[in-house]
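sequence first, predicted model second:
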Amino acid sequence: MTDETTPSDATKRTGPTDHTEAPGQATSPASERTRATTTSRRLFIAGTAGAAGVGALLTRSALADAGPVEAAHTTHQGATRAAWISGPSTGATDAPPAIGAHAHGGGINGATFREGATVDHAANGFNPSETLRDFDWGTTSTRPDGRTLREWEVVARDQEIEVAPGVTFPGWTFNGRVPGPTLRCREGDRLRIRFVNASAHPHTMHFHGIHPAQMDGIPMVGRGTIAPGEDFVYEFDAEPFGLHLYHCHVGPLAEHIARGMYGTFIIDPARSRPKADEMVMVQHGWNTTFDGQGNQLYAVNGIPFHYMNEPIRVKRGELVRIYLVNVLEYDPINSFHVHGNFFDYYPTGTRLEPSEYTDTIVQGQGQRGICELRFPHPGRYMFHAHKTEFADLGWMGFFEVVD
Amino acid sequence: MSRPALAPRTHRAALAAVVVAIVAVGIAGLAALAAVLLPTRTGPPVEQLVVERTVLTAGTIELTVRNTGPDPVTIAQAAVNDSFVSFAGGQAPVGRLATTTLTISYPWQEGLPYAVSLLTSTGAVIEHEIPVAVATPEATPASLARIAALGAMIGIAPVLLGMSCLPLLRRASAATSRVLMAFTVGLLAFLAVDATLEGFELGAGAGGAFGGPVLFVLGAVVALLALAVLQRVLPSGSGGGRLALLVAIGIGLHNLGEGLAVGSALSVGELALGASLVIGFALHNTTEGIAVVAPLTGRSIGVTTFVGLGLIAGAPAAVGTVLGAMVSTVPQATFLIGLGAGAIVQVVILLLPSLRDRARGAVDGPVIGGIAAGVVVMYLTSLLVTA
């Protein structure tokens, strides 16, 4: 923030509404605004050649080529552009032409990827619309003592993921998806998770829950790190009931998590919760520059803006249960807000009584909780981080309530 | 020695061929060795983009982006002030030195700063800052005329005013006119140094693909050589007519660069316009007019010649202002400012002999004082100009 052309210059000038400060300069780590920022392990130089002007003729032709333009907006084009030298322009605040009107968002309609582009889910190997309600109960058998033995195999891999349309990220995954599989069991089950490391890097599976130290999945305790090509069986009892998570715990810890090595771990209470349309939402980010200074992309369940393009369909009046987990790295908090509704919130899901009736909750790193709600009205309702910067960088979606 | 006359020439040619062959084989060998020993690239692709132009129109930010790095760059997504935006253009990878134009839909507001982040296909972020958003002037005949008028007011008019000192200069003695020439040399020297500093500063921000500051040096050398050639080609008339023309051309090239700076500052809203700007430039550039006519004290000239010299020295400012406001990029501006600086240096070289006292063959005190006065006056008048 040492650039001589930033706030000081901006504050000298006053816009049409006589700004005495430069709004937008209060920034979080993620929005660092340096003139020439190298925010990558990759060598690049931030482009900041001084901007010389160019004929607006170019702009006009570019706009004309830019595809569909909503009729409502065309009247604003050009008509309100202020002549140079004649004082502050008023035209800039008018509604912009919508580029690629088929997409949601754009201009004043809000954040979006370019022209509503989407990622290749098939190439990624997972689709957030499917992982949303995908609960992996493992394979069960009954032990001689009558208890249920529940077993899974989880494989760590190195995997290129298209985290935003056209942007590939060298991810590390559990079972080829981000977030990893939602492992679900019942209170009192005996759990056996065979972890196979098919990645080129050492990893572990560290579960939140109550278990012996040697099953904690951290370096230098018990088996410690699982080297590439090796495997290990984590075995412990399912306790306490609630909404938990698991993640890799190898150093550098933040990177091992942020690369994609996390998942949801649900222990159902012995007496089941009421029947509901259940879904998992794991809040996280993608630090594509690997600078450890915030994230370039924010999402639930892997792909930013995914549920904007493919809204989550729920039935009017039906109980909806969201298992909400925050594993965001590099930013201290995350939040969840739902439009047009309120929800009962069960922090960590370890009690059967809600602690709060609200429409917005904040979660720190590793925090999680269950949200229960019913939509009384049909239509589209947004949900997003109420840390709106995260929302604008991908963490937003829609519920589509149908009869 | 056995074959005289022809032999040395053939020998030289043969020797040259052998040397060239040895060097070629050597380079080929090195290349082969490097291909075996060294990997093609250690690490991921090097991604460099420079935004060469920013055009702001209602609800739209248009960026012309050039790839100044060695590897192709694919712009996948863009964000403005940490919010992803829809944009058109730039779908294909941008090759080395190629450009692409991104048309971003964003409701920007006048007077506020914006940071545009381009997210590449590899996840790298390239940021471009718009310090203050100002609607880019449109290329309508009316606005072009106004920009050109501004250029004329700060370029042509002051030079002609300065040249109108000619009758006064004519009545001066030989010693006085020498001091006057010294004054001219001083102010031109200041301009050369000023332009050099500006050129290097500008070049440093050019992004590197075209060399940055090297472009300035290139421009300066080209101007220096071109004026040297011109000096030989022009007929050597009596009474300093040729010298005056060369000085006018040199100052004209300088004013082209100055106009560019004014024009581009204008287009990004960094120029405080109005009377104070015009007065500042008038005082600054009036002294340039004196430099043009200083060689003409011993000779009478017609009105056409007078106005012609004034236009040669001043009109490029108007051209430069229009170019700067409408089309110029940083590398172009750096080169043109280099042209101006080189031209000024050449003019100083031309004027130096006239500073010498013919009788004594040395530079006297008043002449040195004149040079110093020229530098100081130019410095003081430059304080009045903000661009």
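All right, it came through fine. Numbers count the residues shown, from 1 in each chain, chains lettered A, B, ... in the order given.

give me the mean pLDDT for stretch B:290-298.
Stretch B:290-298 shows a mean pLDDT of 82.

and the contacts of it?
If you take Cβ atoms under 8 Å, 6 or more residues apart in numbering or on different chains as the criterion, stretch B:290-298 is touched by B:159, B:162-163, B:165-166, B:169-170, B:172, B:177, B:180-181, B:183-184, B:187-188, B:239-241, B:243-244, B:247-248, B:251, B:309-310, B:313, B:347, B:351, B:354. All C-beta atoms are positioned from the backbone trio N, CA, C, and that covers glycine.

report the buried residues of that stretch.
For stretch B:290-298, burial by neighbour count (16 or more other Cβ atoms under 10 Å in any protein chain shown) applies to B:290-297.

which residues in chain B form strands?
B:49-57, B:60-67, B:75-80, B:84-85, B:87-88, B:99-105, B:114-120, B:125-130 (DSSP state E).

just how off-centre is the fifth one within its chain?
Spelled out, it's strand B:87-88. Chain-centre distance of strand B:87-88: 33 Å, with Cα atoms, centre = their mean, to the nearest Å.

what pairs with it, parallel or antiparallel?
Partner strands for strand B:87-88, per DSSP bridges, with pairing direction: strand B:99-105 (antiparallel).

ok now the strand it pairs with, how far from the chain's centre?
27 Å.

how about low-confidence regions in the stretch 1-150 of chain A?
Where the stretch 1-150 of chain A drops to pLDDT under 70, the residues are A:1-104, A:116.

near chain B, which residues of the stretch 301-403 of chain A are found?
A:304-305, A:389, A:392-394 (Cβ under 8 Å from any Cβ of the partner chain).

show me what contacts the nearest residue to A:G263 once chain neighbours are set aside?
Using Cβ to Cβ, 6 or more residues apart in numbering or on different chains and skipping residues adjacent in sequence, the residue nearest A:G263 is A:G180, 3.0 Å away. With contact set as Cβ under 8 Å, 6+ apart, A:G180 has these partners: A:154, A:173-174, A:246, A:260-263.

format these as CSV; extra columns: neighbour count.
As requested, these are arranged in CSV below (neighbours: other Cβ atoms under 10 Å in any protein chain shown):
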residue, neighbour count
A:V154, 21
A:T173, 26
A:F174, 25
A:Y246, 27
A:G260, 28
A:M261, 28
A:Y262, 26
A:G263, 27
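
show me where the stretch 151-300 of chain A has helices.
In the stretch 151-300 of chain A, the segments counted as helices under DSSP state H, counting those that start in this stretch are A:253-258.

any residues of it in contact with chain B? List them.
Of all the residues in the stretch 151-300 of chain A, those lying near chain B are A:163-169, A:286, A:288-290, A:296-297, going by Cβ under 8 Å from any Cβ.

which two in the residues you listed are spaced the farthest apart?
The largest separation in these, counting by Cβ to Cβ, is between A:P165 and A:F290 at 20.1 Å.

which parts of chain B are helices?
Using DSSP state H, the helices of chain B run over B:7-37, B:141-154, B:156-163, B:166-170, B:174-204, B:213-233, B:241-267, B:275-293, B:303-326, B:330-351, B:365-382.

hey, least reliable of those helices by pLDDT?
Mean pLDDT is lowest for helix B:275-293 among the helices of chain B, at a mean of 76.

could you dump that one to CSV, C-alpha only?
Output of helix B:275-293 as CSV, limited to C-alpha atoms (Å, rounded to 0.1, in the frame of the first residue of the first chain):
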residue,chain,number,x,y,z
ALA,B,275,-6.3,29.6,-17.1
SER,B,276,-3.5,28.7,-14.8
LEU,B,277,-2.4,25.8,-17.0
VAL,B,278,-2.4,28.0,-20.1
ILE,B,279,-0.5,30.8,-18.4
GLY,B,280,2.1,28.4,-17.0
PHE,B,281,2.7,26.9,-20.4
ALA,B,282,2.7,30.3,-22.0
LEU,B,283,5.5,31.6,-19.8
HIS,B,284,7.4,28.3,-20.2
ASN,B,285,7.1,28.1,-23.9
THR,B,286,7.6,31.8,-24.7
THR,B,287,11.3,31.3,-23.8
GLU,B,288,11.4,28.6,-26.5
GLY,B,289,10.3,31.3,-29.0
ILE,B,290,13.2,33.4,-28.0
ALA,B,291,15.5,30.5,-28.7
VAL,B,292,14.1,30.1,-32.2
VAL,B,293,14.7,33.8,-33.2
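
how far does that helix sit from its chain's centre?
For helix B:275-293, the distance to the chain centre is 19 Å (Cα atoms, centre = their mean).

so which bits of it are buried?
Using 16+ other Cβ under 10 Å as the test for burial, helix B:275-293 gives B:277, B:280-293.

thanks a lot, see you next time.
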